[in-house]
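Q: Structure for the following, please:
(one chain, ligands or ions: 1)
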Amino acid sequence: MSITTIHKDPDTAVLPERIRGFPFPYSGDSYRYSANVEPAGKTVTTEAGAWGGRLLDIDEYYLPDVKEREGVLDRDPSRLQVLPHMRPAVWDAIATLLPAMAEENPGTMSFRREGKNCRWQNTLQNLDVEFTIGDDSSLPMGPLRFLGSQIQDDMVFLDQREDALWLDAGLVTFAADWSLKFDVGMKFHEIHGPVPRVKEEQIVSRAEQFLMRLQPGEKYRRTNWTMTIDRRLDTSTETYPNWAQDRGTIAEDPALPDRVHLRVEVQHLIRLPHSGAILFLVRTYLLPLSDIARVPVWRERMGRVLAELPEDMAEYKGISRYRKTASDWLLAG
Ligand code: HEM
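A: Numbers count the residues shown, from 1 in each chain. Okay, here's the model as predicted:
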């Protein structure tokens with residue numbers, strides 16, 4: 001008989017919200033890819049707290065994150081792409097996400113709609129706007145950029161045709177080492193071309209079949225993870241020279257535990273009710289190893305996952321040069 005002890009951090013109640021609400025992604029001491037989807041909205045409890053109770057999580061980084069997105073878009077408008085046939089899907093997303101966000105934040109946000117006329121109030125941004133569904137000129141910055149200014153998530157829109165899914169629109173300022181401009185117009189399975197293992201293991205084809213069967217209004221979610229040096233949301237291919245070289249020097253840096261972050265994406269998959277497009281929301285959370293280490297179960301589990309991760313997966317995630325140092329630090333306690 002074996003007895004499993006669940007180590008609870010005695011100080012969980014005093015941990016800061018960024019740790020208590022963090023979607024820690026590992027359920028065991030090793031990690032492999034899978035089509036890990038589950039219905040959205042269910043709260044997941046962790047050793048430090050809980051996450052997942054809301055579709056559009058608003059946290060302490062809300063204002064800085066949306067400001068950061070604005071800056072990225074000003075510097076590089078190619079992070080927003082809409083092929084002409086996807087305009088209705090963007091309006092469908094507005095009519096779906098704003099009411100959902102108002103419902104989740106009744107003290108600070110409200111959405112009212114009569115026919116096509118809408119009013120959106122967001123006191124966190126001192127905002128009170130009226131607009132008309134379907135009329136791009138009713139939102140001066142355009143509908144997709146406007147929606148991106150209200151939520152922390154990146155957005156990707158997939159069109160379904162010819163028995164496949166196509167990435168035909170999106171607003172992605174916080175990509176984990178990929179490029180929306182490069183991927184727009186591509187098929188779901190082409191987009192996953194660079195990912196090791198997933199083709200052989202039929203993960204991509206099974207995920208695509210699952211997504212193509214989603215019914216209007218259905219919402220699912222999954223998590224994905226990688227690692228990033230510093231709290232840097234924009235690790236797009238376009239800004240590669242700004243962030244990639246840190247990966248080669250961080251193992252020697254005594255500040256590694258504060259600089260290396262576990263980067264977790266909570267990804268929602270929603271069949272939009274009117275356009276029939278699939279909306280893929282990607283919400284990025286970053287937590288430094290020094291914070292991970294404040295939760296003993298997380299410290300040990302992440303240390304073991306990093307030590308055990310096969311080299312092809314570590315290489316793809318861009319962590320192969322420092323994952324051993326990070327793992328050793330975590331496991332040293
Ligand atoms: C159930 C659905 C899905 C599964 C199982 C899945 C699986 C994966 C996996 C395993 C990776 C590698 C992640 C890493 O190691 O960091 C990945 C990367 C990626 N996924 Fe997905 N994914 C799904 C949905 C989507 C959707 C809907 C999109 C939007 C079109 C998407 C776009 C991407 C992109 C752009 C990358 C980065 C590829 C690159 O390196 O260029 N995924 N996905």
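
Q: Quick check: which element contains Leu98?
A: Following DSSP states H and E, one finds Leu98 within helix 87-104.

Q: Averaged pLDDT, that helix. What do you get?
A: The pLDDT scores in helix 87-104 average 98.

Q: Other residues contacting it?
A: Under the criterion CB atoms under 8 Å, 6 or more residues apart in numbering, residues 54-56, 58, 82, 109-111, 113, 118, 120, 133-134, 136, 143-144, 146-147, 150-151, 155, 157, 159, 169, 270, 272-275, 277, 279 lie in contact with helix 87-104. Using the backbone N, CA and C atoms, a C-beta is placed for each residue, glycine as well.

Q: now it: how far from the chain's centre is it?
A: 18 Å (CA atoms, centre = their mean, to the nearest Å).

Q: With stretch 65-84 instead?
A: Per CA atoms, centre = their mean, the centroid offset for stretch 65-84 relative to its chain is 16 Å.

Q: buried ones in that stretch?
A: Neighbour-count burial for stretch 65-84, counted by 16 or more other CB atoms under 10 Å, picks out Asp65, Val66, Glu68, Arg69, Val72, Leu73, Arg79, Leu80, Gln81, Val82, Leu83.

Q: Against which helices or strands is the helix or strand containing the first one packed?
A: In this assignment (DSSP H and E), Asp65 forms part of helix 62-75. Contact partners of helix 62-75 among helices and strands, from 3 or more CB pairs under 8 Å, 6 or more residues apart in numbering; DSSP states H and E: helix 143-148.

Q: So the residue lying closest to Leu272 once chain neighbours are set aside versus Gly303, what's the distance?
A: Nearest residue to Leu272, sequence neighbours excluded (CB to CB, 6 or more residues apart in numbering): Asp92, at 4.1 Å. Distance, Asp92 to Gly303, by CB to CB, to the nearest Å: 43 Å.

Q: same check, this time on Arg54
A: Applying CB to CB to Arg54 and Gly303 gives a distance of 30 Å.

Q: Looking at the two, which one has more neighbours?
A: Gly303 (22 against 15; other CB atoms under 10 Å).

Q: distance between the one helix or strand that one maps to and the chain's centre?
A: Taking DSSP H and E as the criterion, Gly303 maps to helix 296-308. Relative to its parent chain, helix 296-308 has a centroid offset of 22 Å by CA atoms, centre = their mean.

Q: next one: stretch 273-287
A: Worked out by CA atoms, centre = their mean, stretch 273-287 lies 8 Å from the chain centre.

Q: which residues in the stretch 151-300 of the chain form strands?
A: 154-161, 164-171, 219-229, 260-271, 278-288 (DSSP state E, counting those that start in this stretch).

Q: could these go into TSV alongside distance to Ala332?
A: As requested, these are exported to TSV (distance: least, CB to CB, whole Å):
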stretch	distance to Ala332
strand 154-161	35
strand 164-171	41
strand 219-229	18
strand 260-271	14
strand 278-288	16
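
Q: Tell me which of these sits nearest to Tyr31.
A: Of all the strands of the stretch 151-300 of the chain, it is strand 219-229 that lies closest to Tyr31, at 7.9 Å by CB to CB.

Q: In the stretch 51-200 of the chain, which residue sits nearest the ligand?
A: In the stretch 51-200 of the chain, the residue that lies nearest the ligand is Trp178 (3.7 Å; CB to the nearest ligand atom).

Q: For that residue, grab phi and psi.
A: Main-chain torsions, Trp178, degrees, to the nearest 10: phi -150, psi 180.

Q: quick one: contacts for it?
A: By CB under 8 Å, 6+ apart, the contact set of Trp178 is Ser236, Thr237.

Q: one more time with 10 Å, if that's ok
A: Val172, Ile191, Pro194, Thr235, Ser236, Thr237 (CB atoms under 10 Å, 6 or more residues apart in numbering).

Q: can you check Gly115 too?
A: Thr132, Ile133.

Q: change it to 6 Å
A: Contacts for Gly115 were tallied using CB atoms under 6 Å, 6 or more residues apart in numbering; there are none.

Q: what about stretch 269-278, start to end distance?
A: With CA to CA, to the nearest Å as the measure, stretch 269-278 spans 7 Å from end to end.

Q: May I see the buried residues of that stretch?
A: Leu269, Ile270, Arg271, Leu272, Ser275, Ala277, Ile278.
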